[in-house]
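quick one, structure for this:
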Amino acid sequence: WCGVKSGQDVDKWKEMELTRGKAEKLSYAPMIAESPVNIECKVTEVKELGSHHMFLAEVVNVNVEDGLMDENGKFHLSKSNPLVYSHGGYYETGKEIGSFGYSVRKKKRKKKKRKGTS
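Alright, predicted model coming up:
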């Protein structure tokens, strides 16, 4: 619905059955109550890029459901059942396939057997 339907013509909140939540830092921007993560951003610059605009923003607050944080304060995105949009399709994400730096991480060496040992 975002970028496809105009808010002037359609009540997106009603049509998508979403609930407006109150943001903690920004009084003019509602949160989506059903979303496990809401990021409050203040737009600092808008760049015109031909057919689209790029918005640069400062993150002023992040709201995360308690169940997505562990006892050490680490965020677990995988517990939120994130979706991916690509070329007109929506996809569920699966298992973790790597971590930061995994493509350049040194491989563990196998220990060489010494002569005379089995």
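
what sits up against the helix or strand of the chain with the lowest mean pLDDT?
Using mean pLDDT, DSSP states H and E, strand 83-86 stands out as the lowest-scoring helix or strand of the chain, at a mean of 84. Here strand 83-86 makes contact (Cβ atoms under 8 Å, 6 or more residues apart in numbering) with 90, 91, 92, 93. All C-beta spots, glycine's among them, are computed from the backbone N, C-alpha and C.

in its sheet, which strands sit next to it, and in what direction?
strand 89-92 (antiparallel) (DSSP bridges).

residues contacting the nearest residue to residue 39 once chain neighbours are set aside?
The shortest distance from residue 39 to any non-neighbouring residue, by Cβ to Cβ, 6 or more residues apart in numbering, is to residue 62 (5.4 Å). Neighbouring residues of residue 62 by Cβ under 8 Å, 6+ apart: 37, 38, 39, 40.

ok, residue 17 next?
Listed by Cβ under 8 Å, 6+ apart, the contact set of residue 17 is empty.
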